[in-house]
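> Provided below for reference: sequence and predicted model.
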Amino acid sequence: MLDKLRANSYHEQAPRAVLNRQRLMNKSFLPRLLAVLLGTSVAPLSFGAAGYLYESDFSTGTIYQFTTLPDSGTVVKVKFASGFTGVRGLAFDRSGNLFVGEAERIYKITPNGFGTIFASDIRGPNSLAFNRAGDLFVTDRDGHVLRFSPQGDRSVFVAGLVKPTGLAFDAFDNLFVADYGSNTVFKVTPDGSRTVFAQNMKGPQGVAFSHSGVLHVVNEANGTVEVFNSIGSRRTRIFSLAAPIGLAFDRDDNLFIANSCVGDGTNSILKFTAESEIGSVYAKDLGCPLQLAIEPPRDPLFNISTRARVEPVLNHELIGGFIVSGAGPKTVLLRALGPSLSKMGVAQPLLDPILQLHTPDGVFTNNNWMDSQKEEIQSTGLAPKENSESAILITLNPGAYTAVVRGNAPFVTGNAVVEVYDADLGTDSNLSNISSRGYVQSGDNRMIAGVSIGGGNGAGKILVRGLGPSLAGTGIADPLPDPKLSMFNAQGTAVTAPNDDWGDTQGYEIYGTGIPPASSLESAILITLTSGAYTAILEDLKGNPGVGLIEVYNLR
């Protein structure tokens, strides 16, 4: 039964050569040199990985990188970059670029170690934060919150503050600003409307939201951290700190606080486990720790392989949709499998699948993969194992595409697989979203999707959605009534609890992605996974049949 749950050993093996090739290009912990940072002397860099903690050390002009060794629990500190003057704010964008606020300018350091000046003539960029759209927000000493587009266009988003310090966005893209000079926390809506969220603070500095949506605010003057729920009710969670400033949450909701910039020997980073009020020293012997940032996961999607039953009924085909994002074209390999599934223990395979790719330039069709592109497909190492299976190798511009799998008469019913592979990992474009729609039944006829991630910094953040009821609005007469999602790793072990209704567990976080399911009965799992292959299973909570949709979004 375990093999049937995994269902995709064919999928797990195929991309391994691709994974290994990419790992050779992206090894962690290798030192490299940021040769020139426009006048700043920068020390050798170390490759980072998802979850690494970064600290801006004001007095030494250094950015330190911290990680915890999994076996011993030892915290390793390395010098990520040095030679800054008055280094302050830190923030990562979703692509893994680190933005650094220096005395009067902002640097952008790419994951490959290339540094450029992103913006200049900024008086004291103390705090940095990104909104959902990828715009950068920066506080300055003139009482402003500045807004920068990804291209560097600048505007004043908030004016008239006394001494703005910390910035953080909630799931609704509202900006929360700690104003040290007025002892106030302001809430600013996406359209720029400002209201007072909390008053009578004690020198507010860093602000950050936990994954459950609780706002944390550092009070530097009295050494506390206060927490606020969505309607502003407040309590003090942490006491007796020594002049705390910056804070950050990791993916496990551990809270890190930059503690003390007063030079009395207490200069450190403290760690508080989720909901704990008592912390421990995570790192010490620092100069003047100001701001903290956690490196985000940025593994791209390699492919998705979805198995479902194909029937000669309208909307009971197997449909795979995918999005190519980025600035340039992307080469992908699409496969439609059927006969080879019998060797994997899959009953009633579709004996003669036909694959169609719908593009703005027309429809591309393949029945037997060897009839065309034989040599090109073989060169990928991912050629189907049966001649009657289908494949298309094609280079596509950024956009949305649809692959459809049907049976070739008289073999029109059976279990089939549709797959989309990234066959060109060296480009800047990515598979950012992949979805599959099919007829979902129970037992061996559930919809089973395998997804591979890798080639970034050791982890990827994905949102998996299982849809049914909302499909009725697109003309589907028999949608899956109550979808349920489960996820497993390549060994068949569950990586998280199953989800039935998306708002029951991760509602705040999923809403914050901007793409929650439309129906409360639908399922979603938001998860950060280490590089590798995984399986998602879609079924109805009560075993009812219907048309369902699995979607995988890359949120890096």
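Structure's in. What do you need? None of the values given here were measured: they were computed from a predicted structure.
> contacts only, for residue 410.
Counting by Cβ atoms under 8 Å, 6 or more residues apart in numbering, residue 410 makes contact with nothing. C-beta here means a position set from N, CA and C on the backbone, and glycine is covered the same way.
> now the element after the strand or helix carrying residue 138, going C-ward?
Here residue 138 sits within strand 136-139, counting by DSSP states H and E. Per DSSP H and E, the first helix or strand lying C-terminal to strand 136-139 is strand 145-148.
> sheet-wise, list the partners of that following strand with their directions.
strand 136-139 (antiparallel), strand 154-158 (antiparallel) (DSSP bridges).
> quick one on the thing from earlier: and the strand holding residue 138, how far out from the chain's middle?
Remark: strand 136-139 is offset 21 Å from the chain centroid, using Cα atoms, centre = their mean, to the nearest Å.
> just stretch 415-425 next, same as before
Its chain's average C-alpha position is 21 Å from that of stretch 415-425, according to Cα atoms, centre = their mean.
> residue numbering should commence at 30 henceforth.
OK, 30 is where the count begins now, so the last one is stretch 444-454.
> and the strands in the stretch 480-585 of the chain?
Counting by DSSP state E, counting those that start in this stretch, the stretch 480-585 of the chain has strands at residues 488-496, 512-518, 552-559, 561-569, 575-583.
> cool, the stretch 30-179 of the chain as well?
60-62, 73-75, 82-86, 91-97, 104-110, 119-121, 127-130, 134-138, 144-149, 157-159, 165-168, 174-177.
> for the third one, packing partners?
For strand 82-86, the packing partners by 3 or more Cβ pairs under 8 Å, 6 or more residues apart in numbering; DSSP states H and E come out as strand 91-97, strand 119-121, strand 127-130, strand 273-278, strand 318-323.
> got those as CSV, with distance to residue 472 and mean neighbour count columns?
Converted to CSV, the helices and strands packed on strand 82-86 look like this (distance: least, Cβ to Cβ, whole Å; neighbours: other Cβ atoms under 10 Å):
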stretch, distance to residue 472, mean neighbour count
strand 91-97, 43, 20
strand 119-121, 44, 21
strand 127-130, 48, 26
strand 273-278, 41, 25
strand 318-323, 42, 24
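> adding mean pLDDT and distance to residue 216, write the ones you listed out as TSV.
Formatted as TSV, these follow (pLDDT from 0 to 100; distance: least, Cβ to Cβ, whole Å):
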stretch	mean pLDDT	distance to residue 216
strand 91-97	95	30
strand 119-121	98	19
strand 127-130	97	23
strand 273-278	96	18
strand 318-323	97	21
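> who wins for proximity to residue 160 among those strands?
strand 119-121 (10.9 Å; Cβ to Cβ).
> residue ranges with poor pLDDT in the protein?
Counting by pLDDT under 70, the chain has low-confidence residues at 30-76, 292-294.
> how about 80 then?
30-76, 259-261, 290-295, 304, 454-457, 585 (pLDDT under 80).
> helices of that one, start to end?
Using DSSP state H, the helices of the chain run over 31-35, 38-42, 45-54, 403-408, 536-541.
> nearest to residue 229, of the strands of the stretch 30-179 of the chain?
strand 165-168 (20.8 Å).
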